[in-house]
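[1] here is my input, please return the structure:
(chains A, B, C and D)
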2 protein chains.
Amino acid sequence: MDTIPDPARRDTSGNRDSLHQRIMRDIEQRILSAEWMPGDRIPSEQALTEQYGCSRMTVNKALTQLAQSGLILRRRKTGSVVKRQDTRTAILAIYDVADEVKSHGLTYRYTICERLQRHPTMQETTCPGFREKEALLALTVLHLADDEPFCLEERVISLSAAPDAAEESFADLAPGAWLLNHVAWTSGEHRISAESSNARVSKLLKVTKGSALLVVQRLTWRQGEPVTRVRLNYPGHQHRLTADFTPIQGLRPNS
Amino acid sequence: MDTIPDPARRDTSGNRDSLHQRIMRDIEQRILSAEWMPGDRIPSEQALTEQYGCSRMTVNKALTQLAQSGLILRRRKTGSVVKRQDTRTAILAIYDVADEVKSHGLTYRYTICERLQRHPTMQETTCPGFREKEALLALTVLHLADDEPFCLEERVISLSAAPDAAEESFADLAPGAWLLNHVAWTSGEHRISAESSNARVSKLLKVTKGSALLVVQRLTWRQGEPVTRVRLNYPGHQHRLTADFTPIQGLRPNS
DNA sequence: CAGTGGTCTAGACCACTTC
DNA sequence: AAGTGGTCTAGACCACTGT
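    Modelled structure (predicted):
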C-alpha cells in the first residue's frame, strides 16, 4: 500500500522529531487534509508497527495521544477510526489584566477605589457558593491603560480561604495577582456576558450610561470552598476576547 | 519516607484504574491539595519506580501526562518540579445554537431571513481573510427558542471552499450544522465582544435599540483558506457563556 | 562526570468486542 | 474464537544539563 516513509528511523546527524511524534503528525496530517475522513479506519497498531518498522509501544504512544487530543476514536476489535469533527471546544485564555494591558504596549496602573469587610449579601448566599455570615473582603479596583480606564474589577475574597488578605494593602500587587501567589485553587468557572453599564460603573470607566459592557465573571474554589469571586467590566467597544481553536483539543502549539 | 501505597499492584478482582493512572492521580492530588507547592521537586522516575514497585515506563507515562496537562515541569538533571499556577487557560464550549436551545428544554426553530450571493465588501477584504472578488454566500438566520428570538446569525460562506452551498436551501439543516457535515476545517478563531444593538438587529431580535448584545464571531479556515465567518448576536440579558477550568489543562473529565 | 529524563525494543498477558 | 487495543516489564542507549 503505502511506501515506508523513512526506512532509516534514526538519522545519525539531525533527528529532530521522535518517532512516535512523527507517526502522530503523519496521521494528524492525513486527517486534517481530509485524506482520511470521519469514520475511516486507521491502520491497526500491528499494521503501523510494520509500516514504520518499530515496536508496538511506539505506535501505541502516537495513537494514544491522538485519541487524547480528540482526533480519533479507539475501539477494540474494530480498530481506530477518525472522529467526527466538532466546533464545540475552544481554548480561551483570560489573562491577568496587567499582562493584557502590557501586551498591548500600554502602561499599566491600578487604583483601589473601594475596600470594605462585610458579610455575604442576600444575593451572594442564594447564588454561587458563599456561606452565610462568612467574613468577606470586597474590593473595587480600577485598571488603567495609559492612564485611561480599561477595566473595572469588583472582587470579593473569602477571608476564611485567604486570611492574610485582611492585612494586605495590595499597594504593590493587585488583588488578582496577589491571590494567585498566596492561595492555591483547584477549580474555577468563567461566565461571560454582555450588560448595559449602570451609573456607578459608567462613572468609574468614563463611559456613557447604558453602553454595552463585556462582563467576565470568574469564580475560584479551593477544595470546594469558594476563594474569590471577581467581576471584570470591560467597555464593550474596546475589548474583545479571542480564542483560537483547531480540531485538535488540548494544548496549543504557542504555549 | 512514604509508605508504599499498595504493594499488590493488581487486584485479581476489581482493578479499576491502571497503575500509571493511579500514579498520576496520586501526584495530581498532592499538588492540588497544596501538599506539594510550586517549585517543589517531584521524586525522580527512579524513586517512583521503587515506590510503586513497577517499571520506569509506567512512571514515565504518568509524569509525561502530568507535564502535558501543565501541572509539572520536567527538566533533565534537576528533575521534575511542580509548576506555578496560572489562571490563564480555560476551555470554552461554544455549542451549536440548536443544541444550546434544546439543552435548555426549549423548542428550537430557525428561519432564513436573508440570502444573497455577493463579493467581499471593503471591510471584509481589509480585515480577516477573504480575497477580493471571491464569490460569497451571505445568510441571515434567526434562531428561535419557544418561538421567541434567541440569536441572530449573520454568516458569510466562501463558495470556493464550499461550492455546494450555492445550491443548498438550508431548509432541513441550518447553515452551521450543514457546513460542519460538508466541509472539513483545520483551524478557527472565536472573538467575543459586547456591542450595542443597531436598528436592524434590534428589530429582528425584538430588543430595544442600543441594548447590550453578546457577540460571538467565529472564523473558520481550511488549510489557510477561509471557509466561513459567522457572527452570533445574543441578547445580553438572557445569554451567558460559561467555561469551567482547573489547573489541569486539556480534556475535561465530563467530556 | 553523574543524574535525570526521552525514547525505544521485544516480548508478554489481559480485556473487550464483534464474529 | 479471533482481532484489537490497554497495559506492563526489564532492560537499553542517548541527550541534556548542572556540578
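
[2] quick one: the helix or strand hosting A:Arg200 near chain B?
    Element membership for A:Arg200, per DSSP states H and E: helix A:199-205. No - counting by CB under 8 Å from any CB of the partner chain, chain B has no neighbours in helix A:199-205; the shortest distance is 12.2 Å. In short, each C-beta sits where N, CA and C put it, glycine included.

[3] run through the neighbouring helices and strands of that helix.
    Secondary-structure packing of helix A:199-205 (3 or more CB pairs under 8 Å, 6 or more residues apart in numbering or on different chains; DSSP states H and E): strand A:136-145, strand A:148-158, strand A:225-235.

[4] tell me if the second one is near chain B.
    In other words, strand A:148-158. No - for strand A:148-158, no contact with chain B is found by CB under 8 Å from any CB; the gap never falls below 12.7 Å.

[5] kindly export that strand (C-alpha atoms) in CSV.
    Extracted C-alpha coordinates of strand A:148-158, given in CSV (Å, rounded to 0.1, in the frame of the first residue of the first chain):
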residue,chain,number,x,y,z
GLU,A,148,-7.3,55.8,30.8
PRO,A,149,-9.9,53.4,32.4
PHE,A,150,-9.5,50.0,30.9
CYS,A,151,-11.4,47.6,33.2
LEU,A,152,-13.3,47.8,36.5
GLU,A,153,-12.8,44.9,38.8
GLU,A,154,-15.3,44.1,41.5
ARG,A,155,-13.8,41.4,43.7
VAL,A,156,-14.9,39.5,46.8
ILE,A,157,-12.4,37.4,48.7
SER,A,158,-13.3,34.8,51.3
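
[6] now the helix or strand just after it against strand A:136-145, angle please.
    The C-terminal neighbour of strand A:148-158 among helices and strands, as given by DSSP H and E, is helix A:175-182. On the basis of axes from the mean of the first three to the mean of the last three CA atoms, to 10 degrees, helix A:175-182 is oriented at 120 degrees to strand A:136-145.

[7] separation between A:Leu73 and A:Ser80?
    Distance of A:Leu73 to A:Ser80, computed by CB to CB, to the nearest Å: 7 Å.

[8] can you check A:Glu134 too?
    Counting by CB to CB - A:Glu134 and A:Ser80 are separated by 50 Å.

[9] quick one, what contacts A:Glu148?
    A:Lys206 (CB atoms under 8 Å, 6 or more residues apart in numbering or on different chains).

[10] pLDDT score assigned to it?
    A:Glu148 is assigned 96 on the pLDDT scale.

[11] tell me what it is bridged to.
    Beta bridges link A:Glu148 to A:Ala145, judged by DSSP bridges.

[12] between A:Leu73 and A:Ser80, tell me which one has more neighbours.
    A:Ser80 (22 against 17; other CB atoms under 10 Å in any protein chain shown).

[13] which residues touch the more buried one?
    Going by CB under 8 Å, 6+ apart, the list of residues near A:Ser80 reads A:Arg41, A:Ile42, A:Ser44, A:Leu63, A:Ala67, A:Ile72, A:Leu73, A:Arg74.

[14] which helix or strand contains it?
    Here A:Ser80 is assigned to strand A:79-82, by DSSP H and E.

[15] re the thing from before, which parts of the helix holding A:Arg200 are buried?
    In terms of neighbour count (16 or more other CB atoms under 10 Å in any protein chain shown), helix A:199-205 has its buried residues at A:Val201, A:Ser202, A:Leu204, A:Leu205.

[16] against B:Val227, how distant is the residue in the stretch 1-150 of chain A that DNA strand C sits nearest to?
    The nearest approach of the stretch 1-150 of chain A to DNA strand C comes at A:Leu19, 2.7 Å away (CB to the nearest atom of the strand). From A:Leu19 across to B:Val227, the span is 33 Å (CB to CB).

[17] who has more neighbours out of the two?
    Using other CB under 10 Å, the more surrounded residue of A:Leu19 and B:Val227 is B:Val227, with 24 against 19.

[18] so where's the stretch 101-250 of chain A shaky on pLDDT?
    A:127-129, A:250 (pLDDT under 70).

[19] give me every residue in it lying close to DNA strand C.
    Nowhere does the stretch 101-250 of chain A come near DNA strand C, counting by CB under 7 Å from any atom of the strand.

[20] get me the contact residues on the stretch 101-250 of chain A for chain B.
    A:180, A:184-196, A:210-215, A:218, A:220, A:223, A:234, A:236-237, A:239-247, A:249-250.

[21] out of those, which end up buried?
    A:180, A:184-190, A:192-196, A:211-215, A:218, A:220, A:234, A:236, A:239, A:241, A:243-247, A:249-250.

[22] which ones are touching the nearest residue to A:Val141 once chain neighbours are set aside?
    Nearest residue to A:Val141, sequence neighbours excluded (CB to CB, 6 or more residues apart in numbering or on different chains): A:Glu153, at 4.2 Å. When contacts are counted by CB under 8 Å, 6+ apart, A:Glu153 touches A:97, A:139-143, A:174-176, A:230-233.

[23] between those residues, which is closest to chain B?
    Nearest to chain B among the contacts of A:Glu153 is A:Gly176, at 8.2 Å by CB to the nearest CB.

[24] separation between the closest one and DNA strand C?
    Shown here: A:Gly176 relative to DNA strand C, a distance of 32 Å by CB to the nearest atom of the strand, to the nearest Å.

[25] so that residue makes contact with A:Arg155?
    Yes - A:Gly176 is within contact range of A:Arg155, at 7.4 Å (criterion: CB atoms under 8 Å).

[26] so what sits against both of those two?
    Counting by CB under 8 Å, 6+ apart, the common neighbours of A:Gly176 and A:Arg155 are A:Val230.

[27] can you tell me the SS state at A:Ser193?
    Put simply, A:Ser193 is strand when judged by DSSP: H, G, I helix; E, B strand; the rest coil.

[28] which residues touch it?
    By CB under 8 Å, 6+ apart, the neighbours of A:Ser193 are A:Val215, A:Gln217, B:Leu214, B:Gly236, B:His239, B:Arg240, B:Leu241.

[29] how much space between the closest residue to it other than its chain neighbours and B:Lys102?
    The spatial neighbour of A:Ser193 that comes closest, neighbours along the chain excluded (CB to CB, 6+ apart), is B:Arg240 at 4.4 Å. Here the criterion is CB to CB. By it, B:Arg240 lies 17 Å from B:Lys102.

[30] check A:Thr126 too.
    According to CB to CB, A:Thr126 and B:Lys102 sit 28 Å apart.
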